[in-house]
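Chemist: Would you be able to build a 3D model of this:
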Amino acid sequence: MITNFFVLSPRGDTVIAKSYRSKSGVGAHERSHTEAFFRKVKFWDGVAPGTPGMDTTLGLGSGGNKTSDDPLLGSGEGGLDAKDSKKFGDAPPVFVMPDGYSYMHVKRNGLIFGCATEKNISPVVVIELLSKIAKVFKDYCGTLSEESIRKNFILLYELLDELLDYGYPQVTQTENLKAFVYNEPIVVTAVADTGKMINPKTASASAVHKPVISSVNADGKKTSLATNQKNEIFVDILERLNVLFSSNGYVLNSTIDGCIQMKSYLAGNPQLRLALNEDLVVGRNNGGSTSYSSGVTVDDINFNDCVNLSEWEHGRTLSFFPPDGEFIVLNYRMTGEFKTPFRIFPSIDEVEPNKLEIAVHIRAEIPDNHFGANVCVEVPLPQSTNAVSCNVVSTPGAAGVNAEYSSQDKKLVWTLKKFPGCTEQTMRAKITLSGPCTSQIRREIGPINMSYEIPMYNVSSLQVRYLRIAENMPGYTPYRWVRYVTQSNSYVCRL
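Modeler: Numbering: from 1, shown residues only. So this is what the prediction gives:
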């Protein structure tokens, strides 16, 4: 199946590498190959070198006319700089390199989990395997970071020996690996991804980053899960929004991809019961109500293998024995109309032949007791832009408001650390071009991209009614931590 496995840091350093087979004594995890792979991922130019019969530019431009003397990069990559590569977006998860290997990778917390194969295998299987390896590493280290991997490399190599045998997956379940793993993890203080969040409720509790087995702290003192361990369970209801607006602010397309994620630290692994909305309807053709009524309608839903669905149809209740580590109880998807948390209203005025004025007006339609955190609005501008001046009109309650022009990326960047609900914010920019504004230059403006995170709020109104232990256990008092997070996945407005 796979020939080599490696983990790269955000700088391109090889943190973990393991070879399962090699061709002519050359391993794809060796430094020269991983460096070429990292450069390809970092500065993707739309070229897939080494792919027989493939158009080297993939129909995306003239990048294939550039040549290089580097045999590892191939004939289509040399001479490209970061400025040119950004036109093509991120590298795909699967591509072929000139060394004859197919490279596949996933990104987790800034790290690149990658592998190479010379066999014709299903990319979906390999991507799922890489995601599973990243999850197992996180479960056993507590947190997934470059520091935790470097400090626990002995444990992780031991895990790899059990996860893969001659490049084929063997045991990939966290709880099943416990019987074969004897090294103890060294706990590393986690750096929360939501460190910039203003509301501390959305930051992960330190208990979430505990390993699933007994560990050793930085002082070398052993900590056991059974000693002074709180019976805790963490539940996250995560929703990612994909919304496309027209230039006048109307919603053209909208979907919600959601999941309920858990991590259990309950002693004895008791059976749990999780209840959702009683009026939850699965499938829009089942007589379900619209999202504007009291009922909640999702298009489809899928469950973890550990879930017992005997009470699902009549009570919307799930029962299950939680597996070790972090796991997803269910995934759901909702399409169609729903109330978007933010509405975007752009406008462009041509005041002079070479001068434009752009205004971006955003209205928060979430309740006033909620807010958007780490909001970032990006507006791409023409390559002929010479100078830009920005000013922001903010309402009271907004924090960390800043608007600036990035001359290197040719785009406006408007950031707000806190965007209160039921408020409106406006950014205006005056743009000076090097020449007259033609229809071609006008098309280079936009689309507007917005990213944000809303703590303790979800758009679909899917709620956890209760989470309890199935059997009555005297003296057993678990702590339940439930949070809701809404994030933007693709929040775009056309101009």
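
Chemist: is it true that Leu276 touches Gln463?
Modeler: Yes - between Leu276 and Gln463 there is a contact under CB atoms under 8 Å: 6.9 Å. From N, CA and C alone the C-beta is placed, and that goes for glycine too.

Chemist: How many residues are close by Asp300?
Modeler: 12 (other CB atoms under 10 Å).

Chemist: Now it. Nearest residue, chain neighbours left out?
Modeler: Arg333 (5.5 Å; CB to CB, 6 or more residues apart in numbering).

Chemist: Quick check: buried residues in the biggest helix by length in the chain?
Modeler: Using DSSP state H to assign secondary structure, the helix with the most residues in the chain is helix 123-141. Buried residues in helix 123-141, counted by 16 or more other CB atoms under 10 Å: 126-127, 129-130, 132-141.

Chemist: Check stretch 442-456 too.
Modeler: Buried residues in stretch 442-456, counted by 16+ other CB under 10 Å: Ile445, Gly446, Pro447, Ile448, Asn449, Met450, Ser451, Tyr452, Glu453, Ile454, Pro455, Met456.

Chemist: pLDDT score for Gly325?
Modeler: In this prediction, Gly325 carries a pLDDT score of 79.

Chemist: Am I right that it is in contact with Ala134?
Modeler: No - here Gly325 lies out of contact with Ala134, judged by CB under 8 Å, at a distance of 11.7 Å.

Chemist: Now Cys141. Nearest residue, chain neighbours left out?
Modeler: Distances taken as CB to CB, 6+ apart place Ser148 nearest to Cys141, at 4.4 Å, with adjacent residues excluded.

Chemist: backbone phi and psi for that neighbour, please?
Modeler: Per-residue torsions, Ser148: phi -70, psi -30 (degrees, to the nearest 10).

Chemist: How many residues are close by it?
Modeler: Per other CB under 10 Å, the neighbour tally for Ser148 reads 25.

Chemist: Please tell me how far it sits from Tyr140.
Modeler: Note on Ser148: its distance to Tyr140, by CB to CB, to the nearest Å, is 10 Å.

Chemist: hmm, back to that, beta-bridge partners for the residue nearest to Asp300, please?
Modeler: Beta-bridge partners recorded for Arg333 (DSSP bridges): Asp257, Asp300.

Chemist: Now for it: which residues touch it?
Modeler: Taking CB atoms under 8 Å, 6 or more residues apart in numbering, we find Arg333 in contact with Thr255, Ile256, Asp257, Gly258, Val298, Asp299, Asp300, Ile301.

Chemist: residues contacting the fifth one?
Modeler: Meaning Val298. Applying CB under 8 Å, 6+ apart, the residues near Val298 are Leu280, Val281, Val282, Tyr332, Arg333, Met334, Ser460, Leu462.

Chemist: Give me the distance between the fourth one and Glu239.
Modeler: What that stands for is Tyr332. Counting by CB to CB, the gap from Tyr332 to Glu239 is 9 Å.

Chemist: Quick check: neighbours shared by those two?
Modeler: Jointly contacting Tyr332 and Glu239 under the rule CB under 8 Å, 6+ apart are Gly258, Ser460.

Chemist: Going by distance to Arg21, which of the buried residues of helix 123-141 wins?
Modeler: Comparing the buried residues of helix 123-141 against Arg21 with CB to CB picks out Val126 as the nearest, at 14.9 Å.

Chemist: so who does that closest one touch?
Modeler: Met1, Ile2, Val94, Met104, Cys115, Thr117.

Chemist: Then Lys410?
Modeler: Applying CB under 8 Å, 6+ apart, one finds that Lys410 lies in contact with Pro380, Leu381, Pro382, Gln383, Thr385.

Chemist: So which of those wins on neighbours?
Modeler: Going through those with other CB under 10 Å as the criterion, the one with the most neighbours is Leu381, at 23 neighbours.

Chemist: From Ser389, how far out is the closest residue to that residue other than its chain neighbours?
Modeler: Spatial nearest neighbour of Leu381, excluding adjacent residues (CB to CB, 6+ apart): Lys410 at 5.2 Å. Counting by CB to CB, the separation of Lys410 from Ser389 is 15 Å.
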